[in-house]
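Engineer: pasting the sequence and the predicted coordinates here, then a few questions.
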Amino acid sequence: MTETTTSTEHLLTRTVQQGWFGRFQVAALVLLTLVAIVGKFYLPRLVPHTEWLELPLLLTVYFGLMRQSQIQALLFGAFVGLAEDSLSPATLHPIGMYGITKTLVGYFAASVSTRFNVENSVIRVVLCFFFYCFHAFFYWIMRRALLAQVIPFDLQETLVNGGLNSLISIPLFLILDRMKVSGAS
């Protein structure tokens with residue numbers, strides 16, 4: 001009987017510890033996401049030529065790929081997009097535009113993660129490139145269709161920025177993976 005009691009206590013202690021680490025990881029991810037969103041608007045003022053950096057999008061892709069839950073990724077993408085919309089000037093980016101695009105990116109990233117091994121770095125880089133291009137193209141379509149704004153779509157700029165964001169995703173995802181692993185032990 002003492003063996004059963006010891007096993008039960010071990011399981012309860014382990015569940016409580018995992019619950020604490022799970023909450024810590026969520027809080028760290030939310031804090032990191034808020035820093036990325038605020039940084040998106042203030043970093044180009046401090047460091048010139050960093051407008052192409054899309055850390056909120058990369059975090060949305062990472063969350064969708066790692067969680068593999070379409071609903072959670074959809075909600076996370078909506079949170080990131082709407083937070084980004086709320087900080088951007090309404091004349092440049094009306095509220096809801098980033099919310100819609102990042103919601104779709106989160107959903108599709110989680111959908112892709114159920115089909116592919118997303119632990120592979122090459123697949124992650126390719127997916128980050130694809131989702132950056134998808135995000136830029138869908139945002140352009142929405143501005144034309146919903147807001148009747150005639151703006152050109154610069155394919156070359158989108159491809160270059162997608163490549164740069166994909167390269168940034170490599171160390172970012174490694175750091176996030178280490179946070180995940182250290183939280184699980």
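Structural biologist: Received, thanks.
Engineer: go ahead and flag the most central residue of this protein.
Structural biologist: Thr60 (1.4 Å; Cα atoms, centre = their mean).
Engineer: secondary structure element for it?
Structural biologist: Following DSSP states H and E, one finds Thr60 within helix 55-67.
Engineer: tilt between the very next helix or strand once past that helix and helix 55-67?
Structural biologist: Using DSSP H and E, the helix or strand that follows helix 55-67 in sequence is helix 70-87. Per axes from the mean of the first three to the mean of the last three Cα atoms, to 10 degrees, the angle that helix 70-87 makes with helix 55-67 is 170 degrees.
Engineer: distance from the chain centre to helix 70-87, please.
Structural biologist: 9 Å (Cα atoms, centre = their mean, to the nearest Å).
Engineer: what's in contact with the helix or strand following it?
Structural biologist: Toward the C-terminal end, the helix or strand that comes next after helix 70-87 (DSSP H and E) is helix 97-113. Residues from elsewhere that reach helix 97-113, judged by Cβ atoms under 8 Å, 6 or more residues apart in numbering: 56-57, 60-61, 63-70, 72-78, 80-82, 84-85, 88, 118, 127, 131, 134-135, 138-139, 142-143, 146. To be clear about C-beta, it is placed using only N, CA and C from the backbone, and glycine gets the same treatment.
Engineer: please pull up the helix or strand immediately following helix 97-113.
Structural biologist: Immediately after helix 97-113, counting by DSSP H and E, sits helix 121-147.
Engineer: which strands or helices does that next one pack on?
Structural biologist: With contacts taken as 3 or more Cβ pairs under 8 Å, 6 or more residues apart in numbering; DSSP states H and E, helix 121-147 sits against helix 55-67, helix 97-113, helix 155-184.
Engineer: now the angle between helix 55-67 and the second one, please.
Structural biologist: Angle between the axes of helix 97-113 and helix 55-67 is 30 degrees (criterion: the same axes, to 10 degrees).
Engineer: still on that earlier bit, what about the residue nearest to the centre of the chain, distance to Lys102?
Structural biologist: 5 Å (Cβ to Cβ, to the nearest Å).
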